[in-house]
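Student: sequence plus predicted model, see below.
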Amino acid sequence: MTYIQKKSVMFRKIILKYKFQKKKINIFEEKERNFMLYLLRKFYRIRLLKKFMDKKVGIATGIGIAIIIGVIIFQINQTMWNTSSIEEYYEKDGKVSSVVYPDNPQFLGPLQINKDKYLLGEHVYVVLKDLKPGDKGEVLFFTPKGILYHEWAFDGNQNDFMKKYFKPQLLKGKNLCEKEDLVGEWTVMFRGYEMAQLTFEMTEDILPRQEWHFEECEIAYELDPTKEYSIKEP
């Protein structure tokens, strides 16, 4: 093989190698372009999905807020439906399906009373619960003028749960002979633990048909479910 032939063969090999390399580069560029198109499509789909999710989240958030507002309005309405004005209470002579002041439990350790505000003539319901052996003492009830109105003894060794009710009223034996002696903020405490107190209010308005209880204190009536109904002579 002559020198020229050898060069010709070498040149053809170089050309073939160049074409092969160029083909490989074209294939790589094609793959790169396809990959970039794939990424662009992926990004576009992600953006569409994000917009969709944002829209759904916005709708869900709006629905959630509407539900919360609806629950709050329902609770407010329920509370309002369960109460009557004092004027309505008197106009209907107490014959209403609701109360003037709804239950609003007040707590002092194991002690609980059912409301924070009462009409004169209403019962104050009191509960002692979760008493433990060794829990022993007295619950004291004071009038707005600081007069000890009632004492309630308890003993956790005998009962872990106790309940009673009483109705603040005129008592000659305690020199409570005016309605005004009962009106105001009452104080409840455990004997020996006077720093911790619970309070409730007796208003000046009287429960219909109970007015006669607050006219004079010739005889004091005590209502206590733990005892028989009794009348104390002056």
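Tutor: Structure's in. What do you need? Source: prediction; values computed, not measured.

Student: outside of the longest strand seen in the chain, which residues touch it?
Tutor: The residue-count maximum for a strand in the chain (DSSP state E) belongs to strand 193-206. Residues from elsewhere that reach strand 193-206, judged by C-beta atoms under 8 Å, 6 or more residues apart in numbering: 86, 100, 106-109, 111, 113, 115-121, 124, 144, 168, 179-180, 182-190, 214. Just so you know, the C-beta spots here come from the backbone N, C-alpha and C atoms, and that holds for glycine as well.

Student: put the buried members of these into a ChimeraX selection.
Tutor: In ChimeraX, a selection of the buried entries from these looks like this (16 or more other C-beta atoms under 10 Å):
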select :100,108,111,113,115,118,119,120,121,124,144,168,179,182,183,186,187,188,189,190,214
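
Student: name the nearest residue to residue 189, sequence neighbours excluded.
Tutor: residue 197 (4.8 Å; C-beta to C-beta, 6 or more residues apart in numbering).

Student: since we're on the one you found, how many residues are nearby?
Tutor: Using other C-beta atoms under 10 Å, residue 197 is surrounded by 13 other residues.

Student: doesn't residue 141 lie inside a strand?
Tutor: Yes: with DSSP: H, G, I helix; E, B strand; the rest coil as the criterion, residue 141 is part of a strand.

Student: mind listing what it touches?
Tutor: Residue 141 neighbours (C-beta under 8 Å, 6+ apart): 148-152, 166, 186-188.

Student: okay, the residues you listed in TSV with pLDDT, distance to residue 173 and secondary structure next?
Tutor: Shown next, in TSV, are the contacts of residue 141 (pLDDT from 0 to 100; distance: C-beta to C-beta, whole Å; DSSP: H, G, I helix; E, B strand; the rest coil):
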residue	pLDDT	distance to residue 173	secondary structure
148	95	12	strand
149	95	11	strand
150	93	12	strand
151	94	14	strand
152	95	17	strand
166	92	15	strand
186	97	18	strand
187	96	20	strand
188	96	20	strand
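
Student: specify which member of those is nearest to residue 131.
Tutor: residue 152 (12.5 Å; C-beta to C-beta).
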